[in-house]
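**Q** Predicted model follows, preceded by the sequence.
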Amino acid sequence: MSSPIKNILIVGGGTAGWVAATFLNRFLDPQLCSITLVESPGIGTIGVGEATVPPLVGFLRAMGIDEAAFMQASNATYKLGIKFIDWQRGADAVWHPFGVVGAAQVGGLPLFHHWLRERQDGRETESYIAYSLQALLGDMNRGPHPFDGNPLAKSAIMQQGAYAYHLDARAFAGFLRDVAVGRGVRHVSDEVGRVALDARGFISHVDTAAHGPLQADLFIDCTGFAAKLIEGSLHDGFISWADQLLCDSAAVLPLPHDGDFHPYTRSTALSAGWCWRIPLRHRVGSGYVYSSRFLDREQAAAELRAHAGQPDGEPLHLAMKIGRRENFWVRNCLAIGLSAGFLEPLESTGIYLAQKSVEMLLDYFPDSGFDPLLIEQYNRRVAREYDEARDFIVLHYLLNSREDSEFWRTARALPPPDSLAQTLELYDRTGLVEWQDHGLFGDTAFYSIASGFGRLPRTPHAMSRQMPKDAAWQTMRKIKAANLELARTLPDHGELMRRLHAR
């Protein structure tokens, strides 16, 4: 008879490892299941500025973590969306704001369909994003809540968790480590050597230099691109997406703070990729995600320095392995974080995919029998999360209109994944968006990017013409006025951050 899982060993730290440790410690009884994390003292988290997505808000709340304490420890600032600059030839920036745009429903439909009807009828001249509160706050450089915690503002953004953070990844990992260890997670700092298998081909233990063999029932591989357990020992395959996402390298150049605390991530198109700009409390995270097929290291560094205005800066260079595992769970081992897969950081999916992976582990939590059906279903669901995130990122490149470099022309001409092609066909003909599993990026995110890049359906949803035209239009006017009224009550984001970090 199978017995309960009594101990879990997380191999590797960093953000993914400590997200897993903190989450599992919160929901598993430490008297029944112990959690140990072992990490090499010589391998740290790359301390670049990192952007996140709204589910991290819910994660922190579920962990019982005070937001102000987390933000202070992680040098964090608020993030209300992403602004894509120069991705379109001679056009305005494209916004991906968080939260609903306008309202979740107007007359039983997403606002997008009424906006499209009004646009095609000639009455609407502004963009779909003109109805987004978060985009408005971003353009006005306002924070998501006032100094005094006004309840109206909290209900609009804060209580819904329709925002995210910019943070220092190294500091965040350290903060989670302190939380997890303080709550009972065992932390082992040691070099991991051989991974031993038993007669069934399951992992029995990992050898360490100073602590000997570390045994567990369930192992979580957070060893980064090396995937030391799931690939190195269990030989799971890797699905490369290098033919769908061309950017495979990054040049990272942290910058001194210039006093600009814009509450959104800037993604500025350059010749062979894009540059991020992320304001933290103490500095600005900056880097160039590019394709080594079109640019070498020296060229990338020079272009990044010129863009950042730092002629003497020397970037750190990173190689990125774009794709995902064939299986995220093999026998008694799960891969989480970079060992599970990686998508370029255009839509800030890194921490989210680690978070979602460990959350879904509880949905399919095994006993010592490791029922193959649990493993199969887990692998199917995690794969859908990665695949939908890939499709959304590919969408940006597919819709770009730049003509100034071979990179952008090539990226636009690549055949989209079949799943994205099907999504686009339905959207083009009907205005409907039906992702496989409605994961991180819902319909509003798709409408924001597609409309921002100028791709509109041939016709609005037929139900939009079942609502009196003036009724929908008046509702839209009221939404826009209410957004502006609220935005005017909110403080400058920089001042809000200075007060938060001065505590």
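**A** Nice, thanks for sending it over.
**Q** Low-confidence stretches in the stretch 151-300 of the chain?
**A** 151-155 (pLDDT under 70).
**Q** Which stretches in it count as strands?
**A** Here the stretch 151-300 of the chain has its strands, by DSSP state E, counting those that start in this stretch, at 164-168, 186-189, 192-197, 203-208, 212-215, 218-221, 238-240, 249-252, 255-256, 265-270, 273-279, 283-290.
**Q** closest to Asp312 out of these?
**A** strand 255-256 (12.0 Å; C-beta to C-beta). To be clear about C-beta, it is placed using only N, CA and C from the backbone, and glycine gets the same treatment.
**Q** returning to what we had before: turn the strands of the stretch 151-300 of the chain into CSV, columns for distance to His493 and mean neighbour count.
**A** Shown next, in CSV, are the strands of the stretch 151-300 of the chain (distance: least, C-beta to C-beta, whole Å; neighbours: other C-beta atoms under 10 Å):
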stretch, distance to His493, mean neighbour count
strand 164-168, 11, 27
strand 186-189, 35, 16
strand 192-197, 42, 16
strand 203-208, 45, 19
strand 212-215, 45, 14
strand 218-221, 37, 29
strand 238-240, 39, 13
strand 249-252, 24, 23
strand 255-256, 18, 14
strand 265-270, 13, 22
strand 273-279, 9, 26
strand 283-290, 14, 24
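**Q** will you turn those strands into JSON lines that also has distance to Glu50?
**A** Compiled in JSON lines, the strands of the stretch 151-300 of the chain are given as follows (distance: least, C-beta to C-beta, whole Å):
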{"stretch": "strand 164-168", "distance to Glu50": "6"}
{"stretch": "strand 186-189", "distance to Glu50": "22"}
{"stretch": "strand 192-197", "distance to Glu50": "25"}
{"stretch": "strand 203-208", "distance to Glu50": "28"}
{"stretch": "strand 212-215", "distance to Glu50": "29"}
{"stretch": "strand 218-221", "distance to Glu50": "21"}
{"stretch": "strand 238-240", "distance to Glu50": "23"}
{"stretch": "strand 249-252", "distance to Glu50": "11"}
{"stretch": "strand 255-256", "distance to Glu50": "15"}
{"stretch": "strand 265-270", "distance to Glu50": "10"}
{"stretch": "strand 273-279", "distance to Glu50": "7"}
{"stretch": "strand 283-290", "distance to Glu50": "7"}
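**Q** Could you point out which of these sits nearest Asp404?
**A** When these are compared by C-beta to C-beta, strand 265-270 sits nearest Asp404, at 9.2 Å.
**Q** Show me what the closest one is packed against.
**A** Applying 3 or more C-beta pairs under 8 Å, 6 or more residues apart in numbering; DSSP states H and E, we find strand 265-270 packed against strand 81-85, strand 273-279, helix 297-308.
**Q** quick check: angle from it to strand 283-290?
**A** Counting by axes from the mean of the first three to the mean of the last three C-alpha atoms, to 10 degrees, strand 265-270 lies at 40 degrees to strand 283-290.
**Q** Give the partner strands of strand 265-270 in its sheet and their orientations.
**A** strand 81-85 (parallel), strand 273-279 (antiparallel) (DSSP bridges).
**Q** re the thing from before, deepest of the helices and strands packed on strand 265-270, which one?
**A** strand 273-279 (a mean of 26; mean count of other C-beta atoms under 10 Å).
**Q** Skipping adjacent residues, who's closest to the spatially most central residue of the chain in space?
**A** For the chain, the residue sitting closest to the mean C-alpha position, by C-alpha atoms, centre = their mean, is Thr349 at 2.2 Å. Sequence neighbours aside, Ala389 is the residue nearest to Thr349 in space, at 4.8 Å (criterion: C-beta to C-beta, 6 or more residues apart in numbering).
**Q** can you check Met463 too?
**A** Leu109 (5.6 Å).
**Q** so what's the one you found up against?
**A** Listed by C-beta atoms under 8 Å, 6 or more residues apart in numbering, the contact partners of Leu109 are 461, 463-464, 467.
**Q** roughly how far apart are Ala20 and Ala226?
**A** From Ala20 across to Ala226, the span is 17 Å (C-beta to C-beta, to the nearest Å).
**Q** Comparing the two, which residue is more hemmed in?
**A** Ranked by neighbour count (other C-beta atoms under 10 Å), Ala20 and Ala226 place Ala20 first, with 30 against 13.
**Q** Isn't that one up against Cys222?
**A** Yes: if you go by C-beta atoms under 8 Å, Ala20 and Cys222 touch, sitting 6.5 Å apart.
**Q** So what's the residue count around Asn400?
**A** 21.
**Q** Name the nearest residue to it, ignoring sequence neighbours.
**A** Computed as C-beta to C-beta, 6+ apart, the closest residue to Asn400 that is not its neighbour in sequence is Trp87, at 5.2 Å.
**Q** Next: Tyr264.
**A** Gly138 (4.3 Å).
**Q** Could you do Asn332 as well?
**A** Closest residue to Asn332 in three dimensions, ignoring its sequence neighbours and counting by C-beta to C-beta, 6+ apart: Phe202, at 4.7 Å.
**Q** can you pull the contacts of that neighbour?
**A** 331-332, 370.
**Q** for these, which one is nearest Phe70?
**A** When those are compared against Phe70 (criterion: C-beta to C-beta), the nearest one is Asn332, at 32.2 Å.
**Q** In this structure Gly12 contacts Glu39, no?
**A** Yes: Gly12 sits in contact with Glu39 when judged by C-beta under 8 Å, with a separation of 5.7 Å.
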